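Q: got a structure for you, letters missing:
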């Protein structure tokens with residue numbers, strides 16, 4: 001049996017980005033699947049998403065909207081970073097040359113037993129510690 005897929009932050013951002021309707025539809029479907037329990041994220045993904053809405057979009061999202069979204073995401077299976085995940089992220093950096101925070105994504109996906117990481121930011125087709133990367137927007 002295959003493990004679940006892991007969603008990277010960019011999927012959540014595209015779900016709320018109206019500038020590319022095709023990517024938005026794909027991302028919204030993936031987020032719905034995550035809320036239904038089919039996909040996995042990490043606390044890092046949710047934190048990066050919240051920070052993007054609060055600080056990186058113009059105009060910034062109102063705090064109550066960000067809190068409402070996080071409440072909506074509460075049913076998603078979420079992997080919490082701990083010292084072992086931090087260590088594995090450093091190993092991913094050493095082995096694959098990944099940025100530390102990308103290594104955290106890889107480590108969380110590996111911990112969850114995920115088959116794939118769905119991301120536009122990592123190298124499609126690459127495997128990190130046995131977890132493949134796929135770009136859901138291709």
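A: Structure received. Since the model is a prediction, treat every value here as computed from it, not as a measurement.
Q: any regions of the chain where pLDDT drops low?
A: 1 (pLDDT under 70).
Q: now do the buried residues in stretch 28-48.
A: 30, 31, 34, 39, 40, 41, 42, 44, 45, 46, 48 (16 or more other Cβ atoms under 10 Å). C-beta: built from backbone N, CA, C; applies to glycine.
Q: can you tell me which two in those residues are farthest apart?
A: Taking Cβ to Cβ as the measure, these span a maximum distance of 17.2 Å, between 30 and 44.
Q: the residue at the greatest distance from the centre of the chain and residue 65, how far apart?
A: What lies farthest from the middle of the chain is residue 59; by Cα atoms, centre = their mean that is 22.9 Å. Between residue 59 and residue 65 the distance is 11 Å, computed by Cβ to Cβ, to the nearest Å.
Q: cool, and residue 6?
A: Distance from residue 6 to residue 65, by Cβ to Cβ: 25 Å.
Q: and those two? Which one has more around it.
A: Neighbours were counted for residue 6 and for residue 65 using other Cβ atoms under 10 Å; residue 6 has more, 30 against 13.
Q: A strand includes that one, no?
A: Yes. Counting by DSSP: H, G, I helix; E, B strand; the rest coil, one finds residue 6 located in a strand.
Q: so what's it bridging to?
A: Residue 6 has these beta-bridge partners by DSSP bridges: residue 40, residue 117.
Q: do me a favour and get the backbone dihedrals for residue 66.
A: When quoted as degrees, to the nearest 10, the phi and psi of residue 66 stand at phi -60, psi -40.
Q: likewise residue 127?
A: Torsion angles, degrees, to the nearest 10, at residue 127: phi -110, psi 130.
Q: count of residues packed around it?
A: 13.
Q: distance of it from residue 110?
A: Here the criterion is Cβ to Cβ. By it, residue 127 lies 11 Å from residue 110.
Q: do the same with residue 91
A: Counting by Cβ to Cβ, the gap from residue 91 to residue 110 is 10 Å.
Q: which one of the two has more residues nearby?
A: A direct count of neighbours by other Cβ under 10 Å for residue 91 and residue 110 places residue 110 higher, at 20 against 15.
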